[in-house]
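**Q** following is a predicted model, sequence given first.
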Amino acid sequence: MVYSARTPMTALLWFRRDLRLTDNPALNAALTQGRLIPVYIHDEASHSPWPAGGAARWWLHHSLRALDGALRARGSRLIVRTGESLAVLEALLAETGAESVHWNRCYEPAAIARDTRIKQALQARGLAVHSQRAALWREPWELKTGAGEPYRVFTPFWRALSARLPELNVQPAPARLPPVPETLASETLDALRLLPRLNWADGFAAHWQPGEEGALRRLESFVDSRLPGYKTRRDFPAQPGVSGLSPHLHFGELSPQQIRAAVQRVAGAAPGADAEHFLRELGWREFAHHLLYHFPHTPEAPLYEKFAAFPWRAAADYAAQLRAWQQGLTGIPIVDAGMRELWHSGWMHNRVRMIVASFLTKNLLIPWQEGARWFWDTLLDADLANNTLGWQWSAGCGADAAPYFRIFNPLLQSQKFDAQGVYLRRWLPELAQLPDALIHAPWTASPAQLAAAKLRLDQDYPLPIVDLAASRARALAAYEPIKAAR
Ligand code: FAD
């Protein structure tokens with residue numbers, strides 16, 4: 001049937017992880033139909049092994065509120081329903097008489113399986129289903145090595161991707177949207193119970209503004225003031241050197257194309273080292289999606305099979321140390337500062353993510369999956385592709401990983417990237433009065449130095465839960481049989 005102005009058709013627009021109106025291909029495709037019903041489905045029964053964690057649910061609540069506000073400002077509104085996704089879509093199709101369903105693609109294995117099933121079921125009923133690429137520069141299946149294999153090494157992947165970046169054609173948000181029939185029922189966002197019951201998330205709002213407006217504001221302020229110097233400052237956790245765009249990207253509140261366009265606006269067509277390095281980091285995000293698509297077992301199991309035999313400690317043996325790591329009470333300041341930043345702000349600086357992950361997997365010999373699960377629940381940007389890559393990379397068992405024998409020394413990392421202890425003092429106030437030379441390793445302070453800093457070790461702040469040199473040697477010994485299996 002051909003759409004004409006006299007016979008508008010109705011389209012369902014299924015919002016998932018594309019919570020924006022700018023540069024939203026599914027929205028623009030759905031709009032060509034005439035009438036538009038924007039829908040969000042809260043599908044707790046989806047049986048995904050990775051349902052959104054606590055921090056991400058907080059973000060989702062606020063992002064959906066922002067999306068509904070943006071839709072209302074344009075004459076539409078968000079219809080929120082709870083239930084199994086296909087059943088909800090079928091009910092809405094029946095209630096609205098819609099003839100088509102539009103969405104932007106998601107790439108987690110469970111989402112791909114769900115979408116494939118839904119597409120087949122709806123098409124079998126004669127309905128039109130349209131899916132679009134909105135979250136990535138290239139689809140994960142579009143890039144292949146010369147041998148026709150998926151990439152496992154970042155540099156050649158990035159070379160191939162950066163040579164094939166899509167044309168920049170960012171679509172503005174529509175000024176007006178067709179109204180949704182008043183009779184069409186929607187649940188309230190509060191009914192979804194996404195917010196945590198305890199006051200854990202109270203501090204998040206001081207750091208973040210979920211939603212498209214917050215995303216665009218952060219993007220503009222980053223490219224205008226922090227992109228210059230990004231390459232050198234991005235490794236120093238005390239400095240505002242990075243973009244902080246990760247949760248916005250995860251929820252699709254802005255597209256990677258919008259980021260490229262903003263970078264190009266300030267850096268010109270020939271970006272310098274800072275802009276190039278920043279775009280390369282977004283390349284890591286694309287690489288992570290490429291890997292997750294081609295190796296869907298990796299959220300749970302190592303990319304390289306031989307690592308399945310790695311002699312991690314047993315859960316009963318490490319439970320107390322895992323808890324100390326989660327609570328930021330390991331006695332290693334840079335690790336504890338990172339873990340407390342995570343707990344209080346819902347985010348952690350990339351350099352510190354690498355340090356805490358190395359400490360967990362190598363010094364404590366705790367399986368990387370434990371760390372990935374904790375990050376999943378506490379990170380606002382928790383993202384199955386990026387988190388899996390980050391943890392497997394840190395543990396040494398993933399694509400392009402840090403070789404296992406390269407074990408971060410948290411003290412050297414701390415002294416190098418937070419020399420004045422600014423980051424440490426921000427998150428560990430009990431150490432604030434230690435001099436710069438001692439704050440990275442409080443256990444090396446003399447009783448007189450501790451007294452002067454008003455610090456009682458083992459009371460105000462723990463002694464290290466592990467000896468760094470001995471645990472390093474233990475990790476290397478554990479790695480020997482795996483190395484031999486190469
Ligand atoms: P910027 O430096 O401003 O980078 C811009 C964007 O590029 C980021 O928003 C992100 O989308 C992407 N990016 C940057 N570095 C990486 C990377 N190493 N891998 C993939 N994408 C990257 N990132 C997540 O978004 N979600 C996660 O769950 C996540 N878990 C991680 C776990 C571990 C153990 C490690 C080591 C890293 C993890 N990362 C994760 C990657 C990285 O730490 C964050 O993307 C980054 O710190 C976000 O801050 P930013 O937006 O200021 O980054």
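**A** Done, it's in.
**Q** helix or strand: which one has the closest residue to Leu60 other than its chain neighbours?
**A** Spatial nearest neighbour of Leu60, excluding adjacent residues (Cβ to Cβ, 6 or more residues apart in numbering): Leu194 at 5.5 Å. Every C-beta, even on glycine, is put in place using the N, C-alpha and C of the backbone. Under DSSP states H and E, no helix or strand contains Leu194.
**Q** pairing partners for the longest strand anywhere in the chain, with directions?
**A** Identified as the longest strand of the chain according to DSSP state E is strand 34-42. When sheet partners are counted by DSSP bridges, strand 34-42 sits next to strand 9-15 (parallel), strand 79-82 (parallel).
**Q** Thr152 and Leu303 touch, don't they?
**A** Small correction: residue 152 is Arg, not Thr. Yes: counting by Cβ atoms under 8 Å, Arg152 does reach Leu303; the two are 7.4 Å apart.
**Q** can you show me the CA trace of the longest strand of the chain as PDB?
**A** Output of strand 34-42 as PDB, limited to C-alpha atoms (Å, rounded to 0.1, in the frame of the first residue of the first chain):
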ATOM      1  CA  GLY A  34       2.000   9.500   8.800                       C
ATOM      2  CA  ARG A  35       0.800   8.500  12.300                       C
ATOM      3  CA  LEU A  36       3.400   7.500  14.900                       C
ATOM      4  CA  ILE A  37       3.000   5.700  18.200                       C
ATOM      5  CA  PRO A  38       6.300   5.900  20.300                       C
ATOM      6  CA  VAL A  39       6.500   2.900  22.500                       C
ATOM      7  CA  TYR A  40       8.800   1.700  25.300                       C
ATOM      8  CA  ILE A  41       8.300  -1.900  26.500                       C
ATOM      9  CA  HIS A  42       9.500  -3.000  30.000                       C
END
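**Q** in terms of residue numbering, what are the domains of this protein?
**A** 9-134, 136-171+211-294, 305-484 (the TED database).
**Q** and the end-to-end length of the second one?
**A** Right, the one you point to is domain 136-171+211-294. 15 Å (Cα to Cα, to the nearest Å).
**Q** how far is it from where the chain is centred?
**A** Mean C-alpha position of domain 136-171+211-294 versus that of the full chain (Cα atoms, centre = their mean, to the nearest Å) differs by 13 Å.
**Q** need the contact list for Arg217.
**A** By Cβ atoms under 8 Å, 6 or more residues apart in numbering, the contact set of Arg217 is Gln209.
**Q** please see if the helix or strand harbouring it touches the ligand.
**A** Per DSSP H and E, Arg217 falls inside helix 212-221. No: Helix 212-221 stays clear of the ligand (Cβ under 6 Å from any ligand atom), getting no nearer than 9.0 Å.
**Q** touching both of Arg152 and Leu303, which residues are there?
**A** In contact with both Arg152 and Leu303: 291, 399, using Cβ under 8 Å, 6+ apart.
**Q** quick one: the helices in the stretch 301-450 of the chain?
**A** 315-327, 333-345, 350-358, 368-378, 384-395, 410-417, 422-427, 436-439, 447-452 (DSSP state H, counting those that start in this stretch).
**Q** coming back round to it: could I get the domains of the chain in CSV, plus columns for mean pLDDT?
**A** Converted to CSV, these look like this (pLDDT from 0 to 100):
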stretch, mean pLDDT
domain 9-134, 96
domain 136-171+211-294, 96
domain 305-484, 96
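**Q** a markdown table for these, including distance to Trp200?
**A** A markdown table is the format used below for the domains of the chain (distance: least, Cβ to Cβ, whole Å):
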| stretch | distance to Trp200 |
| --- | --- |
| domain 9-134 | 7 |
| domain 136-171+211-294 | 16 |
| domain 305-484 | 8 |
